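Asks: Sharing a model prediction with you, sequence too.
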Amino acid sequence: MKHSLYILLILSLFSCNKNEKISPFNSIELNLNWEFSKMGDKEWYPATVPGVIHLDLLNNNLINDPYWENNEEKQRWIEEENWVYKTHFQLDDHFLRNDKIELQFDGLDTYADIYVNGEMVLQATNMFRKWNIDVKNFVKEGDNELKIIFLSPILHNKQRVENYPFLLPSGNESKDVDTKVSSFTRKAAYHFGWDWGPRFVTSGIWRKVALNSWNKARLLNVYTTTLHLNSDYAEMLTKIEIEVLKAGVYQFIIDGKKHLENLNKGENEIEYLFEIDDPQLWWCNGAGDAHLYDQKIELAYEDRQIDSKEIRYGIRTIELVNEKDSIGTSFYFKLNGKAIFIQGANYIPQDLFLPRVQEKQYKKLIKDVRDANMNMLRVWGGGIYENDLFYDLCDENGILVWQDFMFAGSLYPDNAKFIENVKQEVIDNIKRLRQHPSIALWCGNNEIEVAWKNWGWQQQYNYSPEDSTRLWSSYTALFHDLIPELITKYDGQRSYTPTTPLSNWGSAPNFNHSSMHYWGVWHGREAFENFESNVGRFMVEYGFQSFPEMGSLKKVMSDSSLYLASSAMNKRQKSYIGNDLILNHINQYFKAPKSFDEFVTLSQNTQAKGLQMAIKAHKSNQPHCMGTLFWQLNDCWPGPSWSIIDYYGKHKTAYEVVKKEFSTQP
C-alpha cells in the first residue's frame, strides 16, 4: 500500500496508551559457539560463522590447504557430503515478550534445512537470497538450539538433472563431472569451475545470522533516488518500506523533519519528496568528486523511537544510450547528462571461500581500481552479488558498477518453482543494491544470448526445433520479461540490458553495434595487432592471460613443481589453449624464455603489451567506441588467468600499463 507523507503540524494527533508494549527493534547476532559434523558422524568440531565447510575443515586440520598443488581434485569428496551445523543461544523473558521474533540469514550456501529446537522452520534453496523466518512459536526462555543441515548440491540435484527433458549447457562446469548441476543450483557458478579458477562446491553459513525482535513496526528498506536534476536544484525521492504489526498512526523523522502517517497492518510503502538547492553531484572517478549525502530515518510510535536507519545517497542521473545512430547502434553512458568514456575492468569474487575475504582486501582492491584511473567495474554474472562493503567503497571512490544478475553461460530450468525462486532472488538484490549511486546498469546475464545464436548449442545438445522453441521462450520469459518488469517496479530510474554482449565478434559489421566481447585475440588465436582493427561500440570483454609472479606460485607449489609441464602446474591452467598460446605470443614479441622463471616474467610483459594495444585502440576511436572493460581485474586463487592483480593482491606488469593508458587522453 502506498501513501504520501505530510508534514506533522499537530503532535497531539497521537493517541497515547501507556500500558501498550512499545520497545525498539532489537537484533542479536548468532555467529558464536557453532559446531559442525559430517552427517552420520558422531564427532563435532568448532565452526566459524560466517564461513564455509572447506574453511572449517581446514581450520580443524581435517584437510590441507585446498589451493596447494592438486588438492582441488583430492578434495572433490567434500561436495558430495551433507554437513550439519549447530549452535545454542540463550533468551530471556524480556526478549520473548516482543510481538515478533524473526530469524534472519543474510546468506545460506545453498540447500539448507533449518531447525529450531528440533522443529524444521525453513528449507532454503538459494545462495543469493536473504531468508527471514518467524520463530516466535519455536523459541523459549533459556537454552535454544539452532541446527542447519546443508545438503550436497550434487546429490540434491542429480535426479532433477536426469529427469529434465533437456541436457542444459552449464557454463564452464568442470569437464570431468558426469552430472552437471550448476544450471539447477542458485549458487555462484564459478564454484563449479571456470577457465580461470578451480572447482570447489562450497556449503555453509556464508553471511551473517541474527535473531530480531520487535513490536508495532519496523523499517524494512530505505532508498533515495534522483528524479530530476538541473544546475539549481535536485528533485529527490525517498521510499520507505515498513512492516507493521499493529495498524495506527506512526511518526517519522526524516532529515530532522517530523511527519505522521497512518499505516495499515502488513507491508506499507511511503514516499517522501524533497528538493536540494545547489546540489553537490556524485561523479565517477576522473570526472569530479563522488559526493555523498547522509540521511537518517527514524520510526516512532507514541513519541517513542522503535527503529531507525541511516543511509548514504548520491545526487546523480545515469543513463545507458543504446539506440540506432549514423554508425549502427550506440552504447554509451551519460552521467549527469554528460557522455562519459568508460574505462575499467571485469571483477570476479576474490576467493572461492568467500567469508575469508577481509575488509582490508576490499579496500585495497578498490583503491587499486581508483589509482589505476578506472571509472567502472563490471560485477560478472558467474560470481555473486557482492557484499555491501564493495558497493559502499565504489560509492565513495566514484567507481560505477555494471551489475550482472547471476546467470552466466548456461540455460536454466523453466519450472514454476525455480522461476519463483529466481524472482525472489532478483527482488532481494534490487532492493539491497538500488540505494548505491555507483550502480549504473542492471544486466540480465553473461553470454547466454550470444551463445544461443552463435555457439551452436542447438546442434551440440541435439535440440529439435520444438525443443529450441521451448528453450528460447523460457529464456526470453526470464530475461526479456520477468527481470525487466521487476526492475521497472523496484528501481525504475536505472537502465537494463538483457544480456552481454549484444553483438558478436565473428562478423565485421557487428563492431558497429552495441556491446562487444572481443575474443578474437585468445579464443580466435589472433595476433595482438587485431585489437587495433576490431573496435566495437563498447568493449565489455577482451584480454590475455599471464602467470602470477613466482613468489605467489611458491605459496601453493613445491619447488619440484615449478615448471610448465609438471602435473600440478598443468592442472592449474584452466584454459584449453592457455600455456601454448602464451608461449606463442611471447615468441612473437620477445626472445624465447630460457627458464620457467623467465617464462612467468615474459607472460606478464606479453599480457601488458596486448592490453596496451587494445586500450589505445579503444580510446583513440571515440566516439565510435565509448567504453573499454578488459577481462579481468583480479583473481579468486593463485594461478594463470587474465587478471592484472593476482590472488594475493600483487600487481602484474599490466597494472602499471593500464594505469598509464587510462590516465591519458586519446
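Replies: Now that the structure is in, tell me what you want to look at.

Asks: Would you map the strands across the stretch 251-400 of the chain?
Replies: 257-263, 266-277, 293-301, 304-313, 318-321, 332-335, 338-340, 342-347, 376-379, 400-404 (DSSP state E, counting those that start in this stretch).

Asks: contacting residues for residue 542?
Replies: Listed by C-beta atoms under 8 Å, 6 or more residues apart in numbering, the contact set of residue 542 reads 517-519, 521, 531, 614, 630-631. Any C-beta I mention is one placed from the backbone N, CA and C, and that applies to glycine too.

Asks: gap between it and residue 414?
Replies: Distance of residue 542 to residue 414, given as C-beta to C-beta, to the nearest Å: 33 Å.

Asks: from memory residue 636 sits against residue 647, does it?
Replies: Yes - if you go by C-beta atoms under 8 Å, residue 636 and residue 647 touch, sitting 6.9 Å apart.

Asks: Overlap of the contact sets of these two?
Replies: 350-351.

Asks: Of these two, which one has the most company?
Replies: residue 636 (27 against 21; other C-beta atoms under 10 Å).

Asks: Just the pLDDT at that one, thanks.
Replies: pLDDT, residue 636: 98.

Asks: The residue nearest to it when sequence neighbours are not counted bridge partners, please.
Replies: Distances taken as C-beta to C-beta, 6 or more residues apart in numbering place residue 197 nearest to residue 636, at 4.9 Å, with adjacent residues excluded. In this entry, residue 197 is beta-bridged to residue 194, by DSSP bridges.

Asks: Skipping adjacent residues, who's closest to residue 356 in space?
Replies: Nearest to residue 356 is residue 55, by C-beta to C-beta, 6+ apart, at 6.1 Å.

Asks: check which helix or strand covers that neighbour.
Replies: helix 53-59 (DSSP states H and E).

Asks: what's the answer for residue 250, then?
Replies: Short version, using DSSP H and E: residue 250 is in strand 248-254.

Asks: so how far is that strand off the chain centroid?
Replies: Strand 248-254 has its C-alpha centroid displaced from the chain centroid by 34 Å (C-alpha atoms, centre = their mean, to the nearest Å).

Asks: Give me the residues contacting the helix or strand harbouring residue 418.
Replies: Taking DSSP H and E as the definition, residue 418 sits inside helix 416-433. With contacts defined as C-beta under 8 Å, 6+ apart, helix 416-433 is touched by 125-126, 128-130, 184, 186, 221, 223, 241, 385, 388, 391, 403, 405-406, 412, 439, 442, 477-478, 482-483, 486-487, 490-491.

Asks: same thing but 6 Å
Replies: Helix 416-433 has contacts (C-beta atoms under 6 Å, 6 or more residues apart in numbering) with 125-126, 128-130, 221, 385, 439, 483, 486, 490-491.

Asks: Next, residue 478: phi, psi?
Replies: Residue 478 adopts backbone torsions of phi -80, psi -50, taken as degrees, to the nearest 10.

Asks: quick one, strands of the stretch 51-200 of the chain?
Replies: 83-91, 100-105, 108-109, 111-116, 119-124, 131-134, 142-151, 192-194, 197-199.

Asks: Return the most buried member of these.
Replies: Compared across the strands of the stretch 51-200 of the chain, strand 108-109 shows the largest average neighbour count, a mean of 26 (mean count of other C-beta atoms under 10 Å).

Asks: Could you list the residues in contact with that strand?
Replies: For strand 108-109, contacts defined as C-beta under 6 Å, 6+ apart pick out 124, 127, 202-204, 206.

Asks: mind redoing it with 10 Å?
Replies: Applying C-beta atoms under 10 Å, 6 or more residues apart in numbering, the contact partners of strand 108-109 are 50-53, 114, 122, 124-131, 148, 150, 153, 187-188, 191, 201-207, 209, 354-355, 384.

Asks: ok, back up a step: give me the number of residues near the residue nearest to residue 356?
Replies: Count around residue 55 with other C-beta under 10 Å applied: 22.

Asks: Residue 361 against residue 636, yeah?
Replies: No - the pair residue 361 / residue 636 is not scored as a contact, 12.0 Å apart, by C-beta atoms under 10 Å.

Asks: any common contacting residues for the two?
Replies: Residues touching both residue 361 and residue 636 (C-beta under 10 Å, 6+ apart) are 350-351.

Asks: OK, contacts around residue 342?
Replies: Contacts of residue 342 by C-beta under 10 Å, 6+ apart are 284, 331-333, 335, 374-376, 378, 400, 402, 440, 538-540, 618, 625-629.

Asks: if we go to 6 Å?
Replies: Residue 342 neighbours (C-beta under 6 Å, 6+ apart): 376, 627.

Asks: Please report the distance of it from residue 442.
Replies: 16 Å.

Asks: What pLDDT does the model give residue 505?
Replies: On the pLDDT scale, residue 505 gets 89.

Asks: Who's the closest spatial neighbour of it, skipping the chain neighbours?
Replies: residue 518 (4.7 Å).

Asks: Next, the buried residues of the strand holding residue 250.
Replies: Buried residues in strand 248-254, defined by neighbour count with 16 or more other C-beta atoms under 10 Å: 248, 250-254.

Asks: Turn the residues you listed into a markdown table, including distance to residue 142 and pLDDT.
Replies: Below are the buried residues of strand 248-254 laid out as a markdown table (distance: C-beta to C-beta, whole Å; pLDDT from 0 to 100):
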| residue | distance to residue 142 | pLDDT |
| --- | --- | --- |
| 248 | 33 | 95 |
| 250 | 34 | 96 |
| 251 | 36 | 95 |
| 252 | 37 | 95 |
| 253 | 37 | 94 |
| 254 | 40 | 92 |
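
Asks: got those as CSV, with distance to residue 452 columns?
Replies: Output for those, formatted as CSV (distance: C-beta to C-beta, whole Å):
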residue, distance to residue 452
248, 53
250, 50
251, 53
252, 48
253, 52
254, 47
